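Trainee: Could you look at this predicted model? Sequence included:
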Amino acid sequence: MVAVGDMLVGYATDEDVRKRGASGGLVTAVLAAALEKGLVEDVVVMKHINEFEAVPIITDDVDEVLASTGSLHSVPVNLAKYAKGRKVAMPAKPCDAQAVIEQSKRNMIDLDTTYIVGLNCGGSMHPVVTKKMLAEMYDIDPDDVVGEEIEKGKLIFKTKDGQEKGIPIDELEEAGFGRRESCRFCTIKIPVNADLACGNWGVIGDLAGSATFCQVMNDKGVKLLENAIDAGRIEVQPASDKAIAIREKVNNAMVNLGNTLEEKIITEIPDEERLQYYLGQMENCIDCGACKEVCPVCSCDEDSKCTMFHSLADDYKMSMYHLVRLLHLTDSCIACGQCSDVCPSDIPITILQSRFAIPAQRKRNYQPGMNLDRPPFFEVMVK
Ligand SMILES: Cc1cc2nc3c(=O)[nH]c(=O)nc-3n(C[C@H](O)[C@H](O)[C@H](O)COP(=O)(O)OP(=O)(O)OC[C@H]3O[C@@H](n4cnc5c(N)ncnc54)[C@H](O)[C@@H]3O)c2cc1C
Ligand code: SF4
Ligand code: SF4
Ligand code: SF4
């Protein structure tokens, strides 16, 4: 029997899935069992192309789910949009789960039929930056990389010849590489907003590297795990006190680091320089709209106010499009970094958005995507 609040360590019973899995294949096995036993109609997973490229797919093919093992640290896609209007189970970094919850508050996703298998997340990287970093800092050919992990503050790459090379993340980030800017100040490292919170922190002893630590967050999490146990796809055991303490310690260290980096990244701008700062940051915007297209919390679709009130013929330095978005996303922006990732003009749009959103959210003690108890502060929840 599984119960809400359980802290477990588990792995896939299929030896091949366990071996290919990022840390024991439990997540893949849980997703596959949800599909096999009819808990959901489809599963969202990442279809790997190589270590730096993958595409999210929505599939009802169990074999495709079983083939999707492994954590892709250099594919920073947000998966929330793939859950819209469907009955799915999905893996989710904390920011994926946040976006799913924000969409559900706007009636775009039904949480009763969406199962979220959360993944701890120390951060993700932009694929182009990672490849450059491998060449310049690691002296490794990106084509030789077969896996990566973050351990004891180091980013470690494993290569085809069985070698490993790690460099402290601080050093990489000082040199302009490492995690995406938004991941550096993200402080939700364990997805307590998902149905299950899974990761390798706290997996110790003989099981290190071949099992996943899994915290059961709610009744849907219980259902997911019991379903996978009944299907014979996973084995679980209680986590030891030592394992629980280690996981908590690492999480606390990562959260503290996130808070420190937020102070460094989102610096104060004096009142008299503010307008010039925003105009300067936005001046190379080509109004392509990619930052809206990719935004996982944007729920307006064709009825968007930002594009409706903006014409390319307008001659503003900072378009109405951005002014509407800065305001409209104040209560929902989760600082996921997707908009900065896609901007063809390299505008740090996540940071600009965060400068508006973070203080407003803090003032109202509202953290988007973390729970269902409170409606967004700009909107009324229609149930
Ligand atoms: C970017 C990233 C950073 C992580 N950082 C940490 C960390 O710091 N500490 C920690 O304890 N755990 C971290 N994890 C989780 C850990 O790597 C394992 O995913 C987890 O332990 C489950 O292992 P598993 O063998 O059960 O997963 P598997 O059975 O291998 O399944 C992995 C699942 O993750 C999905 N997936 C792969 N890449 C992504 C992605 N970029 N975004 C969303 N879904 C994806 C796959 O489709 C698959 O469904 C991270 C995962 C990711 C994706
Ligand atoms: S924003 Fe946070 S949850 Fe999302 S990829 Fe970055 S570190 Fe992970
Ligand atoms: S505005 Fe940018 S950072 Fe904020 S939720 Fe949308 S894509 Fe993510
Ligand atoms: S993605 Fe960049 S260039 Fe395109 S509209 Fe957004 S800020 Fe402007």
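Mentor: Structure's in. What do you need? Numbering: from 1, shown residues only. Ligands and ions are numbered 1, 2, ... in the order given.
Trainee: near ligand 3, anything from the worst-scoring helix or strand of the chain on mean pLDDT?
Mentor: Least confident helix or strand, the chain: helix 305-308 with a mean of 76, by mean pLDDT, DSSP states H and E. No: in terms of CB under 6 Å from any ligand atom, no part of helix 305-308 sits within range of ligand 3; the closest distance is 10.8 Å. (Each C-beta comes from the backbone N, C-alpha and C, glycine too.)
Trainee: Quick check: next helix or strand after that helix?
Mentor: helix 320-328 (DSSP states H and E).
Trainee: what does the helix or strand residue 56 falls within rub up against?
Mentor: Per DSSP H and E, residue 56 falls inside strand 53-59. Defining contact as CB atoms under 8 Å, 6 or more residues apart in numbering, one finds that strand 53-59 is touched by 42-49, 64-65, 72, 75, 77, 79, 82, 86, 88, 127.
Trainee: Any chance of a ChimeraX selection covering the buried ones in those?
Mentor: Buried residues among these (16 or more other CB atoms under 10 Å), as a ChimeraX selection:
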select :42,43,44,45,46,48,64,65,72,75,77,79,82,86,88,127
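Trainee: Please list the members of the contacts of strand 53-59 that lie in strands.
Mentor: Among the contacts of strand 53-59, the ones falling in strands (DSSP state E) are 42-49, 88.
Trainee: on that earlier part again, only alpha carbons, please: show the strand holding residue 56 as CSV.
Mentor: C-alpha atoms of strand 53-59 as CSV (Å, rounded to 0.1, in the frame of the first residue of the first chain):
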residue,chain,number,x,y,z
GLU,A,53,18.1,17.3,-29.4
ALA,A,54,14.8,15.7,-28.6
VAL,A,55,11.2,16.4,-29.5
PRO,A,56,8.2,16.1,-27.1
ILE,A,57,5.7,13.5,-28.4
ILE,A,58,2.2,12.5,-27.3
THR,A,59,1.9,8.8,-27.7
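Trainee: how about the residues of this structure that lie near ligand 4?
Mentor: So the chain meets ligand 4 at 285-291, 342-345, 347, 349 (CB under 6 Å from any ligand atom).
Trainee: let's see 5 Å
Mentor: Contact residues, the chain versus ligand 4 (CB under 5 Å from any ligand atom): 285-286, 288, 290-291, 343, 345, 347, 349.
Trainee: Say whether ligand 1 is contacted by the strand holding residue 56.
Mentor: No: using CB under 5 Å from any ligand atom, strand 53-59 never reaches ligand 1; the gap is at least 6.8 Å.
Trainee: Any buried residues in that strand, and which?
Mentor: 54, 56-59.
Trainee: follow-up on the earlier one: list of residues touching the least confident helix or strand of the chain?
Mentor: 289, 292, 300, 320-322, 324-325, 328.
Trainee: want to throw the ones in strands among the contacts of strand 53-59 into JSON lines with pLDDT and distance to residue 36?
Mentor: JSON lines is the format used below for the ones in strands among the contacts of strand 53-59 (pLDDT from 0 to 100; distance: CB to CB, whole Å):
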{"residue": "42", "pLDDT": "98", "distance to residue 36": "13"}
{"residue": "43", "pLDDT": "98", "distance to residue 36": "10"}
{"residue": "44", "pLDDT": "98", "distance to residue 36": "16"}
{"residue": "45", "pLDDT": "98", "distance to residue 36": "14"}
{"residue": "46", "pLDDT": "97", "distance to residue 36": "19"}
{"residue": "47", "pLDDT": "97", "distance to residue 36": "19"}
{"residue": "48", "pLDDT": "93", "distance to residue 36": "21"}
{"residue": "49", "pLDDT": "92", "distance to residue 36": "26"}
{"residue": "88", "pLDDT": "98", "distance to residue 36": "14"}
